[in-house]
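Undergrad: Sequence first, then the predicted structure, then my questions.
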Amino acid sequence: MPIKIAIVLLKAYAVFRPDRRLEFGGAETQMYLLSRELARDSNFEVTLICRDDGQDAEEIIDGVRLLKIDQGGAWGKRHRLWKRVASVRGLYRAARAVDADIYLQSCAGIETGIIAYYCRRAGKPCIFRAASNANLDGTFERTHPLPYRWSFRYGLRRCDPIICQNETQIDLLKARLGRDGLLLPSLCQRPETDHRPEGDVVLWVSRLIPMKRAEIFLRLARAMPERRFVMVASRGPNADYFDHITTEAETIQNLDLVRNVPYQEINRYFDQARILVNTSEYEGFPNIFLQAMSRGTPVVSMVVNPNGILTEQDGGVLTGEEEPALRDGVQRLWDDENLYARKSKAASAYVAQHHDVNTVTERYKELFRTLIETKTTDSHS
């Protein structure tokens, strides 16, 4: 019998259906890659539980069963409070209906506690996967209402194991909860052939939310008029910020703005890039780092440097918070061919060794099998 895996990530439907142009982020991309790889193995049966985005109750895409939760239907669309109440009930019922052997929930949210509560009652293993450092450093609790905070903390204390993307998350989990995390690398679908970048673009890719600090990239483009810049931006929940950044970007002559590119089409922009720039305040392990570095494209980042990927692993340049240093980092990497060649080679080699989608998926499979064996042993003892 195959091992039944339920992955809970409410916005993940967006990645499976690029034609819908729905909002998603790095966590959704990761679970998209993982669920598809698991579904290719007949020893695993994968259901992904997601929110109501107007789709059918169930769909199967790339071998993955996508199950929509009940969020109150038409009444829920008109009344926000009812939608929230219905969503809690709908998620619990969906988890029970799937009756999976193992539940994997990614991203901090009220759903962390709901899934942990169901698994506790049903005697099922429950895994939490941190999607960013903000899931574990207290940011989520500081920025969400009490029911969300309480449910998340309840779930975080009861999920086992807790998967972390980087060493910082391991340390945060130990310091705040006294828990040991399990480090599992992010997955990357690498290009079929290795190649050195041939593009001439300074690239920025992300959702437009304030913590990504896209305005710094706009100022960088203005400060380097001799270079060609491309911003691939998708809409986040803050419409005002999205409108402000996109309006400003359209006034910069050496910058091309591209909106809302589906994951399945994004790689052509990485293929055009010579350098990827990151301006975020914090991240977990950005997919964009892996997508760029797998192509030999180094990263210039202000503060984000998970597991020392830019410094100790030599995959790019870490500049610090000062904007002139960011500009100098881009210029130095662009001009110094020997430096660029070294970092390009190191970047692609690191991703191949640590983040290949097949290799990381095998580690997830090993984890799932271990949890099943442990549960079976405990039930017989």
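TA: Structure received. Note that the structure is a prediction, hence the values are computed from the model and not measured.
Undergrad: Show me how the record splits this protein into domains.
TA: For the chain, the structural domains run 3-187+357-380, 201-354, going by automatic domain parsing.
Undergrad: a markdown table for these, including mean neighbour count and mean pLDDT?
TA: Heads up, the C-betas are built off the backbone N, CA and C, glycines and all. Shown next, in a markdown table, are the domains of the chain (neighbours: other C-beta atoms under 10 Å; pLDDT from 0 to 100):
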| stretch | mean neighbour count | mean pLDDT |
| --- | --- | --- |
| domain 3-187+357-380 | 18 | 93 |
| domain 201-354 | 19 | 94 |
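Undergrad: Go ahead and name everything in contact with stretch 168-182.
TA: 130, 133, 135-138, 156-157, 161-164, 183, 284, 306, 367 (C-beta atoms under 8 Å, 6 or more residues apart in numbering).
Undergrad: Mind picking the two most distant members of those?
TA: The largest separation in the contacts of stretch 168-182, counting by C-beta to C-beta, is between 138 and 367 at 26.7 Å.
Undergrad: Which parts of the protein are strands?
TA: Under the criterion DSSP state E, strands of the chain are mapped to 3-8, 44-50, 58-61, 64-68, 102-106, 126-129, 162-164, 182-183, 201-208, 228-235, 255-259, 273-278, 299-301, 316-318.
Undergrad: how close does the nearest residue to residue 120 once chain neighbours are set aside get to residue 123?
TA: In space, and not counting its chain neighbours, residue 120 is closest to residue 158: 6.1 Å by C-beta to C-beta, 6 or more residues apart in numbering. Distance, residue 158 to residue 123, using C-beta to C-beta, to the nearest Å: 13 Å.
Undergrad: cool, and residue 146?
TA: 29 Å.
Undergrad: Could you do residue 355 as well?
TA: Remark: distance between residue 355 and residue 123 (C-beta to C-beta) = 34 Å.
Undergrad: Residue 177 too?
TA: The gap separating residue 177 from residue 123 is 23 Å, by C-beta to C-beta.
Undergrad: ditto for residue 113
TA: 17 Å.
Undergrad: what's the answer for residue 11, then?
TA: According to C-beta to C-beta, residue 11 stands 28 Å off from residue 123.
Undergrad: ok, now residue 60?
TA: Residue 60 is 28 Å from residue 123, by C-beta to C-beta.
Undergrad: In contact with residue 235, which residues are there?
TA: By C-beta under 8 Å, 6+ apart, the neighbours of residue 235 are 23, 207-208, 242, 259-260.
Undergrad: isn't residue 285 right up against residue 164?
TA: No. In this structure, residue 285 is not within contact of residue 164 by C-beta atoms under 8 Å, at 9.3 Å.
Undergrad: what touches both of these two?
TA: Going by C-beta under 8 Å, 6+ apart, no residue sits against residue 285 while also sitting against residue 164.
Undergrad: And the residue lying closest to residue 125 once chain neighbours are set aside, how far from residue 253?
TA: Once flanking residues are discounted, residue 125 sits nearest to residue 371: 4.4 Å by C-beta to C-beta, 6+ apart. For residue 371, the distance to residue 253 equals 55 Å [C-beta to C-beta].
Undergrad: what's the first-to-last distance across stretch 118-138?
TA: Taking C-alpha to C-alpha, to the nearest Å, the first and last residues of stretch 118-138 lie 24 Å apart.
Undergrad: top helix in the chain by residue count?
TA: When the chain is parsed with DSSP state H, its longest helix is helix 357-380.
Undergrad: Show me what it is packed up against.
TA: Packing partners of helix 357-380 (3 or more C-beta pairs under 8 Å, 6 or more residues apart in numbering; DSSP states H and E): strand 3-8, helix 26-39, strand 102-106.
Undergrad: now the last one and strand 3-8, what's the angle there?
TA: Read that as strand 102-106. Interaxial angle, strand 102-106 versus strand 3-8 (axes from the mean of the first three to the mean of the last three C-alpha atoms, to 10 degrees): 20 degrees.
Undergrad: for strand 102-106, packing partners?
TA: Here strand 102-106 touches strand 3-8, helix 26-39, helix 110-122, strand 126-129, helix 357-380, going by 3+ C-beta pairs under 8 Å, 6+ apart.
Undergrad: change it to 6 Å
TA: Applying 3 or more C-beta pairs under 6 Å, 6 or more residues apart in numbering; DSSP states H and E, one finds that strand 102-106 contacts strand 3-8, helix 110-122, strand 126-129.
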